[in-house]
Each structure stands twice: as C-alpha cells, then as structure tokens.
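Trainee: heads up, no residue letters with this:
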C-alpha cells in the first residue's frame, strides 16, 4: 500500500500535486488548492491518476532540484536509467516575490534518458469532481482532451497516445540523451481564453530559475539546520495561495489521523492560528515579506455580526461559509472513510486564535512598519474579544467536536492576546483600552496558575479541573507566560516527555496512538529554554528523522513505524 510518506509535493503557489515514488500523480485540484480534484487516487482507487513509470521491475530514488519544488525521480532498470522531472510550472519569467501570482495551470513532466534504453508506460486517467465524473475524451495523435462540467484538460505528448474512455495510455522507449515531454493544461471552458501554450522542457528550466530567484531573497538565516529550515520555507511558500497571500493548512483532504479511522478532515483552508505560526516560522527562515500580505488578506475577510466577530478559519479568498459534506462514493485513504470536503470547524469557538494573531503582529511589527487603519481595528477587536470572552469554554486548538471545555492553552493564548496588544497599544490606537486589558491579562494569569495546575497529575493539564495531560500546554514557556525553568513548568515538561513521549515523538494526549510533529518540536524548544540543550537536540533530531526521502514531514507520525 502507498503510504503518506511516499508522496512528493509540487506547487505553483495556487494549487498542488502529490506524486508517488513510482511516478504517479494521485492528487491534483484545479484551478485552486480547494477546487475539486481531477486526480484523487489517494482517496479512492478509481478516482483518477496520471502515472509515468518503467515497464517491468525497476528501482527508483528522487530529490528536488536544488532550492526548488521541482521533483526529479530516477528510475533504474536492467536496460538503463531514466529521469522523470515533474513541476507545476510558473509563468515564464516570473521571479522573486512575483512567482505564483499568475500561473499557466500546467503540470509538466519530462523524461530524460540517462543510460541505455528504458521502456516506460504512461497512464492518464482523469476523474473530475473527486472521482465522481468520468470525462468525455477526444484525441488527435499526440493530444487528448478530457472534458466534464466546468473543467477541460488537455494532455500533449512527444509520443503517440492511445485514447480510450478511461483517458489515454502510451508505451515508449527513451534512449540515452533523449527527452520525451508531456504537459497537462487546464482551462475553464466557460471563462473564455485558451489553454496555455507551454513547452514542457523550457517551462521546467524556467520554473527552476524562478524558485532559485525566490530562494535568493531568503538567505539571511544563519542558525542550525539550514537545509531543513530553507526546505521548510519553500514548502510554506508552496502552501501559500499567492493571489491573496492566504496559507493553506495542507494541500489535501481526509488523510486520516488514524489509519482506518474516521478523523479525516479537509485542511485546504486558512486557520488564523496556523497562518500566524507560519508567519513566525517564515520570520525565523528570513522571509520577512509575507506578513503584510497576510494582514491585508485578513482585512478582506470581513467581520461577522454578533459577539464572536472573527472566525477561526477562512477560505483562500476570505470565504466564510466552509460547510462540510461527505463524499460517500470514495472509500478513503487506506479505507479510512468518510471523505469530507469543507470543514465544520469554521463554526467553532477557539479562543486561542486571538493570541496567535496578535503574537504574530507583535513579533513582526518592525517588519510590517505602520499598521494600516483596518489592521489596527482588527487587532483591537481581537484583543477586546480576548478580554471579554476568556472566561468561556471553547473547542480548543485541537477542535474537539464533543463539547466545549476550559482549555488551558486557550486561556494562555488569551493572555498572549492582551499582553501583545498592550505592547502594541501605541501603534494600534488603543490607549483607552490599557486599563481594561491590563486587568483582564492579570486575571487570566491568576486563573491559569491556580486552576490549571493539578496536584494529582503534578503538571499543568489540558483543561481546568482535569487530570488529563495535553501537549498544548508546552506553549506556556514558548509564548512567555511562564519560564521553562519554573519548577511547576519543569515538572510539566518532564511529565509530558515521560507520559506522552514515544522515542522522541510527543502525542497530544495519553490515548492518542500517533506522535504529533509540532508538539514534538515544542518539547524540544521547551527543553532548550530550560537549559537542557543536549536533550533538546536529541528530541529535535528524532522528530526530524521522521521526514520522508524528500525531507517532508506529515502532521502526525505513526510511532510504531
């Protein structure tokens, strides 16, 4: 069975494709990250794919072209070696911060012969609307069109194609020094305009240059793990919807938290929490140009009526209604049903969000310069909400769907919201709020220190009155609420490491079977702040070692494998 770790990630900063080690594109949504998929085999065997691979037994290895998200897969057979290069290409000549603003919506795939003769097979089987629609296929000798509803695809090829009702296939031999190219282009048949006319080999080279030019603007990071940090920066850029600056949580929907389980969610939206954490990461990675665009996007989302004026998440262009539904005709990844599109978490109350946004604004205040009047109003409104609502229960950052609780991390992040708002008061025109915000900030601190500690657990726990450990409390020293060397915080760090840790990975709570990657890195940072640098590095290295062959990390890791 194909695992999540088998997939490589391609992006043109408007949509994404996932490609297996065997050269099969099993996921692609067009024209946006959150559009219906045209290839979705990762969620259903018959939901569409586009494969290019050697005929017969072969081995493979792969790597990104240096400094890019252009993927090169090397195939070895008894008769020779060939290289497959894949990319969602940028507009010709796009460079630096302009990459992804306009894109041709073309997936280019080029096979190059390295040694001997290699026979390969190409299998093009689009299935529109997440596998629901079998498109109508028409063809010429080296060109196939697949049409259905609001989607039209055109596959062009350097070799003859055999069309069928399924799509098209080809068998061909690539010889040493020879290249054979394919290009899949998208258009909306009702929007006017034609397919982008792209030469695949030229577009691939130009896309490599484009990624390289973007990387050249982000070279100031001088800390440890430079290769991992720079790859992470590229991945985060690849998860940015460039027309708006919004950051998608992931390129996919319904990959399971537990294989065979039903905790399968659509993550192709922008959570304010995670976008704010991403801005912090980009700041560390010396990508200072993105925050202003994010706050402009946030201004565009608009305020809701009622006391809870901002949602916890939005669509890529600021859409508010992200209602969830189930695609009952798909069996799900590894049989993990249901497959969902949309996410009902948009209706939830998650009080930590205000803190993350204000923390990012405070951290990036000098990079952003002066906040616009709209951003000032936004930040004041978020701080006011934290002051008014911190005493309420909420769904928490793990988005519990059973009932609301008084989650410790939510209270702490409300404290952060007010603490950072007070530090920004002169920049956001909030001098009249200082007394109220100060009073509520201190009330939160008192409540957390008294009600968040559990004598039986000998730790700060996940919710007031609970003895249940939760790794989210590791945020306390990271946001400056409590020093990592504080006796009760040290006891909490050790309790989480001992009772939630497995081989360097950290689970969010005791019953969870998998390690949660960001919590594992939080533990490493807590240990470093507590002065245990060697132990921190051990934990950091253990998590980082869970990356796949391309250096990519999933949200969760199976602690058994």
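Mentor: Looks like it came in fine. Everything numeric in this text was worked out from a predicted model, so none of it was measured.

Trainee: in the stretch 251-400 of the chain, what residue spans correspond to helices?
Mentor: 272-284, 291-300, 353-363, 365-368, 373-389 (DSSP state H, counting those that start in this stretch).

Trainee: any low-confidence regions in the chain?
Mentor: Under the criterion of pLDDT under 70, the regions of the chain flagged as low confidence span 286, 288-289, 302-309.

Trainee: which helix or strand lies directly C-terminal to the longest strand along the chain?
Mentor: With DSSP state E applied, the strand covering the greatest number of residues in the chain is identified as strand 106-125. Once strand 106-125 ends, the next helix or strand along the chain (criterion: DSSP states H and E) is helix 128-131.

Trainee: quick one: that next one to chain centroid distance?
Mentor: Taking the mean of its C-alpha atoms, helix 128-131 sits 22 Å from the chain's own mean (Cα atoms, centre = their mean, to the nearest Å).

Trainee: contacts for it, please.
Mentor: Outside of helix 128-131, the residues within contact range by Cβ atoms under 8 Å, 6 or more residues apart in numbering are 36-38, 40, 43-44, 46-48, 134-135, 146, 148-149, 151, 327, 329-330, 339, 341. For glycine as for every other residue, the C-beta is placed from the backbone atoms N, C-alpha and C.

Trainee: please apply the same query to stretch 230-241.
Mentor: The set of residues that contact stretch 230-241 without belonging to it, under Cβ under 8 Å, 6+ apart, is 9-11, 13-14, 16, 32-33, 64, 67-69, 100, 211, 214-215, 218, 221, 246-251, 278, 281-282, 285-287, 290, 316-317, 551-552.

Trainee: next: stretch 155-168.
Mentor: Contact with stretch 155-168 is made by 122-126, 134-135, 137-139, 141-146, 169-170, 172, 179-185, as judged by Cβ under 8 Å, 6+ apart.

Trainee: quick one: distance of it to the chain centre.
Mentor: 33 Å.

Trainee: if we can go back for a sec, got the helices of the stretch 251-400 of the chain as TSV, with distance to residue 442 columns?
Mentor: Listed next are the helices of the stretch 251-400 of the chain as TSV, based on distance: least, Cβ to Cβ, whole Å:
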stretch	distance to residue 442
helix 272-284	24
helix 291-300	28
helix 353-363	16
helix 365-368	23
helix 373-389	11
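
Trainee: mind checking which of those is nearest residue 26?
Mentor: Proximity to residue 26, assessed across the helices of the stretch 251-400 of the chain by Cβ to Cβ, is greatest for helix 272-284 (24.4 Å).

Trainee: in the closest one, which residues are buried?
Mentor: With burial defined by 16 or more other Cβ atoms under 10 Å, the residues of helix 272-284 counted as buried are 272-280, 282-283.

Trainee: ranking the helices of the stretch 251-400 of the chain by burial, who's on top?
Mentor: Between these, the one whose residues have the most neighbours on average, counting mean count of other Cβ atoms under 10 Å, is helix 353-363 (a mean of 26).

Trainee: against residue 110, how distant is residue 116?
Mentor: When Cβ to Cβ, to the nearest Å is the yardstick, residue 116 and residue 110 sit 18 Å from each other.

Trainee: between the two, tell me which one has more neighbours.
Mentor: More crowded of residue 116 and residue 110, by other Cβ atoms under 10 Å: residue 110, with 23 against 15.

Trainee: skip the chain neighbours and tell me the closest residue to residue 466.
Mentor: residue 454 (7.0 Å; Cβ to Cβ, 6 or more residues apart in numbering).

Trainee: same question, residue 385
Mentor: Setting aside the residues directly before and after it, residue 385 is nearest to residue 354 in space (Cβ to Cβ, 6+ apart), at 5.6 Å.

Trainee: quick one: that neighbour and residue 420 touch, right?
Mentor: No: if you go by Cβ atoms under 8 Å, residue 354 and residue 420 don't touch, sitting 9.6 Å apart.
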